Structures are given as C-alpha cells and as structure tokens.
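> sharing a sequence plus its predicted fold:
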Amino acid sequence: MDCICFDADIDDFATVLKDLTPTAKKQHKCHECKRIIPVGEKYHKEITLYDKQFNVHKTCLDCNSFRKELVCSFHWGELLEQVKEGIFSCYGNIPESAIVKLTPRAREMICGWVDQYWHHEDSEYWEDD
C-alpha cells in the first residue's frame, strides 16, 4: 500500500474475511465520519474476525480513501482523528501525490484540516467537522 503512513500503535490485527464495495440498497452510516451513506451510493464493507467475533464495518468511500492513501494501520472508529494527528505530526506537510488520490470530499476535508493546522500550529486545536 502506498501511503505517507500515519500509523496506529496496534498489537494485533483482525482477519479480513471479505472486502467488498457494494452499492447501498438501504441507508447505512459510515463507521468513521458518521455520514449517512444513501441508497444507490457505493461504500466499502469489510467483514472481519477478531478475538473470535465477527464484525461488519461499513465505510463511505471518502473515509476509505483516507485509509487507502494515508494510513498503514488504524483503529476502527478513530480513522479521522488519526489522520488529524498525522497532519500534526508531519507539521501539515502532506504530499500532493497523496492528496490527489483522495476522493474530492476527502481532499476538501484534509485541505481544511491542513489549513487549520497552519493557523493553529502552536496548539492541538481542531474545529468540529
């Protein structure tokens, strides 16, 4: 995976049983940004096995693009916070080559977070999304 590699401190990984990109037949909520995924929109669905439990994670394609392009490991439900922390740790310098691979909405989000970092780089301040 090509990424600038924001990395979570993970001791153990889930086993991915299925990795799908279906079209929503009913509304879902993105596990990361909590945005409603409307009927007819494609989304990322992963079925995993972890600690003898099956889990289904549904993620909008915007959050999934962060995952594919910017991170190497993450905790479910904490992806966006991890990306924000990564921006802080690399001083707001995200390679353009990574940004252009994001979905348009994800590009807009990360550019906003980088802008927030540049305007508030002396603190860990982040506006609510």
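That came through, no problem.

> I'd guessed K29 sits against K58; true?
Yes: K29 lies in contact with K58 (C-beta atoms under 8 Å); the separation is 7.4 Å. For the C-beta atoms, the positions are set from N, CA and C on the backbone; glycine is no exception.

> between these two, which is the more surrounded one?
Higher neighbour count among K29 and K58: K58, with 18 against 12, using other C-beta atoms under 10 Å.

> dump the residue contacts of that one.
By C-beta atoms under 8 Å, 6 or more residues apart in numbering, the contact list for K58 reads 28-31, 37, 43-45.

> in a strand, it, correct?
Yes: counting by DSSP: H, G, I helix; E, B strand; the rest coil, K58 is found in a strand.

> which is the succeeding secondary structure element to the helix or strand of the chain with the lowest mean pLDDT?
Ranking every helix and strand in the chain by mean pLDDT, DSSP states H and E puts strand 6-7 at the bottom, with a mean of 62. Heading C-terminal from strand 6-7, the first helix or strand you meet, by DSSP states H and E, is strand 15-20.

> what helices and strands are in contact with the longest helix anywhere in the chain?
Counting by DSSP state H, the longest helix found in the chain is helix 104-119. Applying 3 or more C-beta pairs under 8 Å, 6 or more residues apart in numbering; DSSP states H and E, one finds that helix 104-119 makes contact with helix 61-70, helix 79-89, helix 96-99.

> what about H31, distance to C63?
The gap separating H31 from C63 is 8 Å, by C-beta to C-beta, to the nearest Å.

> so these two - more neighbours on which side?
Neighbour comparison, H31 and C63: the larger count goes to C63, with 24 against 20 (by other C-beta under 10 Å).

> how much space is there between the more buried one and I87?
Applying C-beta to C-beta to C63 and I87 gives a distance of 15 Å.

> next one: L70
With distances taken as C-beta to C-beta, L70 is found 9 Å from I87.

> anything in contact with each of the two?
Common contact partners of L70 and I87 (C-beta under 8 Å, 6+ apart): 94, 110.

> the more surrounded of the two?
Neighbour count, other C-beta under 10 Å: between L70 and I87, L70 has more, with 26 against 21.

> pretty sure F74 contacts K68?
No: F74 lies out of contact with K68 (C-beta under 8 Å); the separation is 11.1 Å.
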